[in-house]
Structure formats: structure tokens, C-alpha cells
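Chemist: Just a sequence and a predicted model for now, questions to come.
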Amino acid sequence: MFNWSNYLFTLYGIGLFALLGWGLSLLRNNVTHVDSMWSLFFALAAYTGAALMGIVSPRAILVLGLVTIWALRLFVYLTKRNWGPHEDHRYVEIRSNNQQNFAIKSIYIIFGLQAVLAWIISISLFGAVSSKASINMLDYVGVAIVSIGLILETVADSQLSCFKEAANNKGKVLATGLWRYSRHPNYFGEACVWWGFYLIALAGGAWWAIVSPILMTLLLLKVSGVSLLEKTIIERRPAYADYIRRTNAFIPGWPKE
């Protein structure tokens, strides 16, 4: 049976961590570090859920290992990418649109919102670590999909970083490597990670955790991922229009000629 009190308790931990991040933003006058905190919200939820169970099952150990690798990889990547005093342009725009009392508003429109979203999505992790069912074949399928997703997003992020570091690529469009087959292979990899975690939760009987991968996929496609990034990119990079014509937006596929 799903333990709602334990699941709610994981929100307290995430919320406290979000408040600490908000306090740091007041000292820095910069909220960009919330991006680095995003993956840690999930790791915190998973470890809290496992701790509340008392006895850690083999499935819980499996999930904790995977979520730790995923969270630390994304934390390091985003922290390295965003390192510096300048606030990310997305948050500059949000700050500009909420200038009056932004310091207070940022509690809920930046840190609180991301904390609650992470908590909702983490329900698949909670379902997996709190299950007492024996490991079965579906767990291994889930692990395989999580692993494939991790590899895809890691390679895609690495290719993008190398491309951006080359001065002669300024204003150009990355259309090689994994980016030849998808305009957002890193986001596709991320979606795979969360569908994989759901399969592990499902293997433990947590069928109701389907909200987790669905919400994450919607965020990646319609909110903070594909839609947001491609909103103005053609204005900055005219060659991107042809890239859109030739390349799938999300699910990798052979490029059109």
C-alpha cells in the first residue's frame, strides 16, 4: 500500500533544500544555481524515501545507485556550464518580468515551483525504493533503458560542449554526432531515464507512478525543453531552419535530405 505520509515527508526535505538555495540566491543576487539543484532534489527524495522504509531492498539499492549517477552527472555538467557571476538569460527575463519584490517572489516562482515539480516526478523513485516485491525481468528492462538514456544524454551534452568551445563554431548549428539524428538527443536521453525508472517502479507494483515519466516528458517537450529553446533560435541562427527541416525534434531518426 502506498504510504502517503512518507511520500509527503520527502517534500519537506526537498522544500528545506529549496529554501537553502533561495537563501544563497539572495547572497549572490543570482538564481541560476537552481538548475544545478534540480537533479539533487530527486536524489534527496529517493534517499529520504529509502531511509523511511528502514530496510533497504535490492530494488532500492539498484534505484539509489542509478539516481546517484544520474544526479551527480547532471549536477556537475550544469554547474560547470553555468559557473560564473552572470545570471542565465531565462532567469534574467523572469526577474525583469517580476521586478517588484522579486527576492520574495523567487521563493515560489523559481525554487518552490521546481521543488514541487521534482517532488511529483520523484513518485516513481519513491514507488521503486519503497516496494517490497522481488526483483523481476521488468526491473532489468528498466535498468537497461535508464542506462541507455544516461549514455545518450552524457554523449550529447559532451558533443554540445565541445562544439560550443570551438570559436569558429559561433553562430553555427551542431548537426553531427547524435545531433545529426535528433535536434535534442540530450532531452530524449533524459526522457528514457525517467521511463526506465517508471518501469522499475512498475516492476515493484507502483503502476500509479506513470505520472512521473509523463510529466517529465511534457516538461522536456512543451515547457522548459524543446519549445523554450527553439522559440527564438531561428532568429539567432538562420541555418537552424534547415536543420529543423532535416532533423527530428526529439526521437532520433535518419535525417531527411
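Modeler: Okay, I see it.
Chemist: Going by C-alpha atoms from here, please, whenever you check contacts or count neighbours.
Modeler: Will do.
Chemist: After the biggest helix by length in the chain, which helix or strand is next?
Modeler: The helix spanning the most residues in the chain, taking DSSP state H as the definition, is helix 137-165. Heading C-terminal from helix 137-165, the first helix or strand you meet, by DSSP states H and E, is helix 185-203.
Chemist: Report the angle between that following helix and helix 137-165.
Modeler: Helix 185-203 runs at 160 degrees relative to helix 137-165, counting by axes from the mean of the first three to the mean of the last three CA atoms, to 10 degrees.
Chemist: Do me a favour and average the pLDDT over the helix or strand hosting A43.
Modeler: Assessed by DSSP H and E, A43 sits inside helix 34-53. Here helix 34-53 scores 95 as its mean pLDDT.
Chemist: From the contact counts, what lies against that helix?
Modeler: Here helix 34-53 touches helix 4-28, helix 58-82, helix 113-121, helix 123-129, going by 3 or more CA pairs under 8 Å, 6 or more residues apart in numbering; DSSP states H and E.
Chemist: Flag the shaky bits of the stretch 151-257 of the chain, pLDDT-wise.
Modeler: Of all residues in the stretch 151-257 of the chain, none has pLDDT under 70.
Chemist: 90 instead?
Modeler: 164, 166-173, 222-242, 256-257 (pLDDT under 90).
Chemist: Now do the longest helix of the chain against helix 58-82, angle only.
Modeler: Using the same axes, to 10 degrees: helix 137-165 against helix 58-82 is 10 degrees.
Chemist: Among the helices and strands packed on helix 34-53, which comes closest to G177?
Modeler: helix 58-82 (18.9 Å; CA to CA).
Chemist: helices and strands around the closest one, which ones?
Modeler: helix 34-53, helix 123-129, helix 137-165.
Chemist: now those in CSV, with mean neighbour count?
Modeler: Listed next are those as CSV, based on neighbours: other CA atoms under 10 Å:
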stretch, mean neighbour count
helix 34-53, 22
helix 123-129, 29
helix 137-165, 18
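Chemist: how about these, which one is nearest I94?
Modeler: helix 34-53 (13.5 Å).
Chemist: related to what we said a few turns ago, what residues does the helix holding A43 touch?
Modeler: Where contact means CA atoms under 8 Å, 6 or more residues apart in numbering, the residues beyond helix 34-53 that reach it are 6-7, 10-11, 13-14, 17, 21, 56, 60, 64, 67-68, 70-72, 74-76, 78-79, 110-111, 114-115, 118-119, 122, 125-126, 129-130.
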